[in-house]
Each structure stands twice: as structure tokens, then as C-alpha cells.
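Novice: got a predicted structure plus its sequence, pasted below:
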Amino acid sequence: MEAGVLSKPVIIGDTRDYLGGIRDGVSGLVVPPGDYEVLTEAMGRILEILALGEQFGILLKHLVTRKFCPERSIVKLKQLLLNEARA
């Protein structure tokens, strides 16, 4: 997510446990874990198509700032504390 805040493109391994909201080909590239050939191709795509990397970075920054904004975190924390106080 740090890359997203800086509007940098990302390539992540497809572990299905955590993709962090990254959608393959939309806000980053998702590659199979351990497949170095696909990883190398993904890196080449981002380097060759500068606009693609910029697009990924911009979309990821939007996702990160929307999903992890302080205001949203405060609302979630407040709701969690209220729920715990009622329990």
C-alpha cells in the first residue's frame, strides 16, 4: 500500500490471501508466485509502457487514500469501541 500512496505501480504475487484491492491490469499486475518468467514480463510491461505504470499508480493511490483515509479509520474505530462497550 505504501507504493499506492506514492502513486507507484505495483506487481504482486497472486496468493489470494491478500491482494490489497489490486486488480490485475487495472491498478497493478498480479503474477503467480514463483513464476519468474511472468514476473519478468510484468516488469517489462511497466517499464516499456510508462503510461501503464502511471495509470496503475494513480488508481492505486486513489484506492489506498479512499480505503485507508484517517476519517474512515476513525469512524470504524468509534463503531468498534461502541460495539465493545455495549457487549
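Specialist: Sure thing, it's come through.
Novice: Val30 - that's part of a helix, no?
Specialist: No: assessed with DSSP: H, G, I helix; E, B strand; the rest coil, Val30 is strand; it does not lie in a helix.
Novice: surely it touches Arg16?
Specialist: No: Val30 is beyond contact range of Arg16, at 9.7 Å (criterion: CB atoms under 8 Å). Any C-beta I mention is one placed from the backbone N, CA and C, and that applies to glycine too.
Novice: between the two, who's got more neighbours?
Specialist: Val30 (20 against 8; other CB atoms under 10 Å).
Novice: how close does that one get to Ser73?
Specialist: According to CB to CB, to the nearest Å, Val30 and Ser73 sit 26 Å apart.
Novice: do Ile22 as well
Specialist: 20 Å.
Novice: and if you look at Leu80?
Specialist: For Leu80 relative to Ser73 (CB to CB), the value is 10 Å.
Novice: what's the pLDDT at Cys69?
Specialist: With respect to pLDDT, Cys69 scores 70.
Novice: got phi/psi on it?
Specialist: phi -70, psi 150 (degrees, to the nearest 10).
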